[in-house]
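Peer 1: coords below, sequence missing:
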């Protein structure tokens with residue numbers, strides 16, 4: 001027992017003579033508290049008290065160093081010193097696991113000045129692989145290791161160890177946190193130390209404390225790196241409103257240095273007129289902390305060191321720790337966004353003004369065109385009527401005075417004046433499409449198609465076309481304008497198929513959700529599909545006027561009416577094999 005005491009380099013007498021009162025120390029594994037006073041007692045009681053005191057002091061020393069240390073590298077030399085002095089070891093090493101590289105990295109070491117440890121047994125390298133050296137072997141073992149026979153443990157020549165002064169005993173434990181190994185602690189002695197179960201249990205418990213410290217510091221480091229890497233300003237604020245953490249972007253954003261902001265109140269960065277309200281909002285957030293944007297629906301401004309305001313967008317996230325509740329504020333400088341928004345508003349205002357002026361110009365141009373159309377209609381009709389009238393009089397009253405060529409020329413003049421009159425009527429009809437009153441309602445398409453077909457058949461008395469009308473679903477539009485669409489398409493189908501031995505005209509539809517597709521099909525002469533895009537232009541004709549009459553305006557009227565309804569129109573054909581014209585109309589009123 002005395003030898004055990006000597007190993008710890010403590011004097012029993014010096015400890016007993018100290019004026020210290022220990023009341024109600026609870027020992028590990030003891031059910032009843034042990035009461036100790038400062039007067040000497042039996043040798044066994046003194047030794048027991050000494051053992052308990054060392055245990056408690058070691059626990060306190062480790063806890064104190066961990067609480068005050070910034071990192072394991074800072075704490076490890078002091079912790080190892082306390083462990084070695086109090087528990088009687090001459091050297092200690094602490095290693096941290098690098099999981100990415102799968103190696104041990106030395107975090108700290110301590111050695112007593114009087115130690116006789118041989119360099120052969122101390123770890124001079126900064127990194128070790130699994131199984132390499134004593135720390136690497138403890139890592140592989142994964143459990144506390146206490147060896148008093150290093151020759152056998154390291155597979156070395158025992159005669160050399162016996163002759164040279166140096167390490168004779170080694171004790172190692174894994175540093176763990178939540179069951180996960182995070183490092184290795186190794187203690188060395190230049191004398192043979194027999195395994196001590198209670199000491200092993202105590203150091204294993206302390207190893208868990210150190211492992212928890214490592215895990216916490218790793219998490220803090222990861223958090224710090226994440227904060228520092230953020231492209232936006234990030235700050236951590238406690239319930240008092242004090243800034244406890246910030247990144248470089250926050251420093252740049254507000255123009256302060258790190259030292260100028262740490263520990264300062266967050267209201268420093270708020271515009272003076274808003275500080276009182278911000279303090280109330282901050283207290284309200286901590287009362288019911290939850291992640292949310294700050295000042296939703298309001299323009300937020302931060303206050304730089306030079307007093308200038310900076311528009312910002314802030315997200316708040318509560319961080320609840322054992323040390324209290326914090327708020328993590330992510331601050332985005334939206335100066336460029338605000339500038340861009342202002343430019344867009346200016347451009348939009350200018351665009352609206354340009355659109356208004358352009359619309360006014362177009363309206364004036366349309367009015368002028370309408371006036372011109374009516375003027376043309378009036379001014380052209382009068383001379384046309386005169387030409388036609390005088391030609392008719394010549395044929396009726398002076399036919400005897402005309403030769404055959406004269407009669408032929410007058411007939412041509414009358415025919416051309418009629419065609420010119422029809423052209424004028426079609427142009428006026430085309431110009432009226434956009435001016436015609438446009439009252440939409442539910443339209444019975446099948447009824448209109450049948451009525452138009454019957455009217456055309458009466459006019460085309462010699463037509464032999466067989467007409468098929470399928471089921472045509474109702475649409476939403478102007479009945480009068482849709483009637484004109486059917487007139488133009490169905491009359492074309494009769495006209496271009498009349499030379500066929502068995503002319504056929506088919507009117508049908510395909511139902512849709514938002515719009516229906518209607519079609520008029522014939523088996524007539526058709527057209528070259530490469531010219532399909534020209535069909536709906538004004539005065540566009542794909543067939544000679546001698547073959548098929550017309551002014552080339554009918555399909556242009558169809559297109560304008562369909563477009564006015566918000567639909568589309570197109571045609572498909574193969575020359576000599578008929579044609580099919582499609583158009584779409586909405587099923588319900590379009591907003």
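Peer 2: Now that the structure is in, tell me what you want to look at. Note that the structure is predicted; figures quoted are calculated from it, not measured. Numbers count the residues shown, from 1 in each chain.
Peer 1: what bridges to residue 571?
Peer 2: Per DSSP bridges, the residues bridged to residue 571 are residue 581.
Peer 1: neighbours of it, how many?
Peer 2: Residues within reach of residue 571, counting by other CB atoms under 10 Å, total 21. For the C-beta atoms, the positions are set from N, CA and C on the backbone; glycine is no exception.
Peer 1: need the contact list for it.
Peer 2: 527, 532, 535, 579, 580, 581, 582 (CB atoms under 8 Å, 6 or more residues apart in numbering).
Peer 1: mind running it again at 7 Å?
Peer 2: 532, 535, 579, 580, 581 (CB atoms under 7 Å, 6 or more residues apart in numbering).
Peer 1: now residue 78
Peer 2: Counted by CB under 7 Å, 6+ apart, residue 78 has contacts residue 65.
Peer 1: flag every buried residue along the host helix or strand of it.
Peer 2: Assigned by DSSP states H and E, residue 78 belongs to helix 72-87. Within helix 72-87, the residues scored as buried using 16 or more other CB atoms under 10 Å are 72, 75-87.
Peer 1: again with stretch 126-146
Peer 2: Buried residues in stretch 126-146 (16+ other CB under 10 Å): 128, 132, 133, 134, 135, 136, 137, 138, 139, 144, 145, 146.
Peer 1: sorry, back to before: ok, so of the buried residues of helix 72-87, who is nearest residue 400?
Peer 2: Closest approach between the buried residues of helix 72-87 and residue 400, by CB to CB: residue 72, at 130.8 Å.
Peer 1: the closest residue to the closest one other than its chain neighbours: what secondary structure?
Peer 2: Once flanking residues are discounted, residue 72 sits nearest to residue 107: 5.0 Å by CB to CB, 6 or more residues apart in numbering. Three-state call for residue 107 (DSSP: H, G, I helix; E, B strand; the rest coil): strand.
Peer 1: can you report how many residues neighbour residue 107?
Peer 2: 24.
Peer 1: check the gap between it and residue 93 for me.
Peer 2: Distance from residue 107 to residue 93, counting by CB to CB, to the nearest Å: 9 Å.
Peer 1: so among the contacts of residue 571, where is pLDDT lowest?
Peer 2: In terms of pLDDT, the lowest of the contacts of residue 571 is residue 532, showing 73.
Peer 1: now do the contacts for that one.
Peer 2: Here residue 532 is in contact with residue 571 (criterion: CB under 7 Å, 6+ apart).
Peer 1: likewise residue 442?
Peer 2: Neighbour list for residue 442: 474, 476 [criterion: CB under 7 Å, 6+ apart].
Peer 1: that one bridge partners, please.
Peer 2: residue 476.
Peer 1: hang on, the earlier thing: out of the contacts of residue 571, which are buried?
Peer 2: Here, 16+ other CB under 10 Å leaves 535, 579, 580, 581 buried among the contacts of residue 571.
Peer 1: how about these in TSV, adding distance to residue 472?
Peer 2: TSV is the format used below for the buried ones among the contacts of residue 571 (distance: CB to CB, whole Å):
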residue	distance to residue 472
535	23
579	19
580	15
581	14
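Peer 1: about what we covered before: farthest-apart pair in the contacts of residue 571, please.
Peer 2: Longest span within those, CB to CB: 535 and 580, 12.3 Å.
Peer 1: mind giving me the packing neighbours of the one helix or strand residue 276 maps to?
Peer 2: Assigned by DSSP H and E, residue 276 falls within helix 275-287. The criterion is 3 or more CB pairs under 7 Å, 6 or more residues apart in numbering; DSSP states H and E, and there are no helices or strands that helix 275-287 contacts.
Peer 1: check which residues of it are buried.
Peer 2: For helix 275-287, using 16+ other CB under 10 Å, the buried residues are 275, 278, 282, 285, 286.
Peer 1: now do the helices in the stretch 251-400 of the chain.
Peer 2: Listed in chain order, the helices of the stretch 251-400 of the chain (DSSP state H, counting those that start in this stretch) span 258-261, 275-287, 335-397.
Peer 1: by mean pLDDT, show me the worst of those.
Peer 2: Looking at these, the bottom one is helix 335-397 with a mean of 80.
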